[in-house]
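Model the following, please.
(one chain, ligands or ions: 1)
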Amino acid sequence: MKEKIENLRSEIELAMEKTATGTELYQLKLKFQAELKTIMGGMKDLPKEEKPAFGKIVNEFKQAMEEKFELRAIVVREKEMQAKYEKERIDISMPGKNRKNGALHPITLVKNELIDIFAGMGFKVFEGPEIETDYYNFTALNTPKDHPARDMQDTFYLAENLLLRTQTSAGQIRVMEKQSPPIKILSPGRVFRSDDDATHSPMFHQMEGLVVDKGITLCDLQGMLAEFARKMFSETTKVRLRPSYFPFTEPSVEVDLSCSECGGKGCRLCKGTGWIEVLGAGMVNRHVLENCGVNPDEYTGFAFGMGVERIAMLKYGINNIKTLFENDIRFISQFE
Ligand code: DAH
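This next block holds a predicted model:
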């Protein structure tokens, strides 16, 4: 019996030295307890007088081993923590990842600024659809099928009567059909034309304005444009109207602003003229009012349309429209 105990002691002690995790130690303890049980089971075969002495030995052995298990548990726990720390080690001297903040695109910045300026003058925003019918984009705007002015815009047709809108002017019709004067709306949005060079892109943004009420004149347009020019560019920016032609306005004007680069003296940006063309405008043609059920003898109105990219290019001195769409981070991060 004593021999058995000694064998078990040395076997368990040896195995205990090798344990590295709490689970291993626990398994070993279960094994130890099972073997001890077998040894204690053998006690019933001992002569009666030997039983108490042997019982004492077994008890002492059990206690001693339990202490060893406890001590080993502390060592093993320490080992496990060390291994965990090693695995989860981070180098706090490494430089952190540089995460850049996002920012608004220059087109969005200019669009928001334009909306702010016109909202300050009482304009409400209306957004029309990008896919338009031939009627809203052309016919209702006094540009019927065989009208030569259709050649001014190379159109992407989706079907015979369906197209990608070439101008936000289509929104004028949608608003006037639903709303009766007084009307004061601003219609921003994307437009599409088969046109592609340094200053033209097949997709670009326009901002359309429409004011219809009793007694609206070209002077109202001029005054509003002067205010817009001062707010968007500078206090000293001047406005000039030149006669032009658009089918949906009569009279029509092309609007120039004094060059923001040279202040009107003449430079490369304004090609020596001192003026830069920024938008088209005019008094709403009476046919257009009639097409929308507005009585042209009672109401008059003015309209204007500008390219958002063009304004952005002038404001930030950008000479190629493509840079606005390439999304090169070195370029767009300059507007943060
Ligand atoms: N729709 C014209 C264009 O895309 C711009 C324009 C000119 C809009 C005169 C207007 C306007 O509302 O009155 O070229």
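
any chance you could map the helices in this structure?
With DSSP state H, the ranges of helices along the chain come out as 2-18, 22-41, 51-87, 106-119, 134-137, 170-178, 218-232, 286-291, 308-316, 323-326, 329-332.

so how far is residue 165 from the residue of the stretch 1-150 of the chain found nearest the ligand?
Ranked by C-beta to the nearest ligand atom, the top residue of the stretch 1-150 of the chain for proximity to the ligand is residue 141, at 8.1 Å. Every residue, glycine included, has its C-beta placed from N, CA and C. Residue 141 sits 11 Å away from residue 165 when distances are taken as C-beta to C-beta, to the nearest Å.

Residue 60 too?
Distance, residue 60 to residue 165, by C-beta to C-beta: 97 Å.

For those two, indicate the residue with more neighbours.
The neighbour count for residue 60 versus residue 165, taken as other C-beta atoms under 10 Å, is higher for residue 165 (26 against 11).

Test my guess that that one contacts residue 130.
Yes: between residue 165 and residue 130 there is a contact under C-beta atoms under 8 Å: 6.0 Å.

Skipping adjacent residues, who's closest to residue 62 in space?
Closest residue in space to residue 62, ignoring its immediate chain neighbours: residue 36 at 6.2 Å, by C-beta to C-beta, 6 or more residues apart in numbering.

Tell me if I'm right that the one you found and residue 8 touch.
Yes: between residue 36 and residue 8 there is a contact under C-beta under 8 Å: 7.2 Å.

Leaving out the residues flanking it, which one is nearest to residue 106?
residue 335 (4.6 Å).

Mind pulling up the pLDDT for that neighbour?
On pLDDT, residue 335 comes in at 84.

For burial, what's the neighbour tally of it?
Neighbourhood size, residue 335 [other C-beta under 10 Å]: 15.

cool, residue 229 as well?
Residue 229 sits with 22 neighbouring residues when counted by other C-beta under 10 Å.

Find the nearest non-adjacent residue to it, please.
Residue 229 sits nearest to residue 237 (C-beta to C-beta, 6+ apart), 4.2 Å away.

Show me what from the stretch 151-300 of the chain comes close to the ligand.
167, 169, 208, 246, 249, 280-282 (C-beta under 6 Å from any ligand atom).

still on that earlier bit, the helices of the chain: which one's closest to residue 126?
In terms of C-beta to C-beta, the element of the helices of the chain nearest to residue 126 is helix 170-178, at 5.4 Å.

Enumerate every residue touching the residue in the stretch 151-300 of the chain that the ligand sits nearest to.
At 2.7 Å from the ligand, residue 280 is the closest residue in the stretch 151-300 of the chain, using C-beta to the nearest ligand atom. Residue 280 sits next to 244, 246, 249, 252-255, 304-306 when contact means C-beta atoms under 8 Å, 6 or more residues apart in numbering.
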